[in-house]
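>>> Would you be able to build a 3D model of this:
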Amino acid sequence: MDAWNHANFCVPPEHLDRLCACFEALFPWSSIVRRGDLVGYRLGDDLNRGALYLRPSPAARTLFEALARVETTDRGFAQALAVLRAEDADVRDHQGIRVASVAEWEERVARAQELAVGRPELGVDVIRVERPGDPGAATDYLYQAWIRLGLLGPWRNTFELQALDPAKEPFR
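Next up, the predicted model:
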């Protein structure tokens with residue numbers, strides 16, 4: 001059986017410490033490796049069921065710098081990035097994470113909102129929060145929040161937190 005078991009992000013070296021602070025503030029994941037060339041977190045008890053890795057790379061810095069330069073000089077590129085950034089959070093590339101309970105989900109969403117305001121250097125942005133019954137909510141049992149981590153770059157930088165209401169969830 002195939003199973004997703006990790007996500008890997010290549011990041012500018014100078015972003016690594018702030019990204020670690022961000023992940024450690026947002027997620028209760030266990031640190032499994034911390035070296036100059038690799039930082040890893042286990043999402044739960046089973047390493048085969050999920051891990052996240054950060055790899056500092058000068059090439060990532062070069063790409064981030066080039067993107068910033070081109071964005072300021074090429075209107076078409078700048079517009080394309082603006083359109084991508086404005087795209088619905090659920091349509092954009094993102095990583096989905098299911099948490100154990102609605103209470104835990106509420107705590108993590110509140111923590112992300114606190115970081116977005118109180119720690120701007122971490123680049124946290126809570127894009128959208130949907131609870132069952134909210135306009136636009138996908139179902140009457142799914143809690144969703146999209147949290148963008150800007151230090152990961154201009155795209156593929158969003159994590160969707162989910163929780164299920166066990167009283168209404170139809171797949172049990």
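>>> And stretch 40-59, end to end?
With CA to CA, to the nearest Å applied, stretch 40-59 spans 20 Å between its terminal residues.
>>> got any ranges where this protein has weak pLDDT?
Applying pLDDT under 70 to the chain flags the ranges 1, 169, 171-172.
>>> now the helices for it?
For the chain, the helices defined by DSSP state H cover 16-26, 58-73, 75-86, 102-118.
>>> could you dump these to TSV with mean neighbour count and distance to His94?
Any C-beta I mention is one placed from the backbone N, CA and C, and that applies to glycine too. Below are the helices of the chain laid out as TSV (neighbours: other CB atoms under 10 Å; distance: least, CB to CB, whole Å):
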stretch	mean neighbour count	distance to His94
helix 16-26	17	14
helix 58-73	13	19
helix 75-86	11	12
helix 102-118	16	14
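>>> Just put the ones you listed in JSON lines and tack on distance to Gln144.
Converted to JSON lines, the helices of the chain look like this (distance: least, CB to CB, whole Å):
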{"stretch": "helix 16-26", "distance to Gln144": "16"}
{"stretch": "helix 58-73", "distance to Gln144": "28"}
{"stretch": "helix 75-86", "distance to Gln144": "19"}
{"stretch": "helix 102-118", "distance to Gln144": "9"}
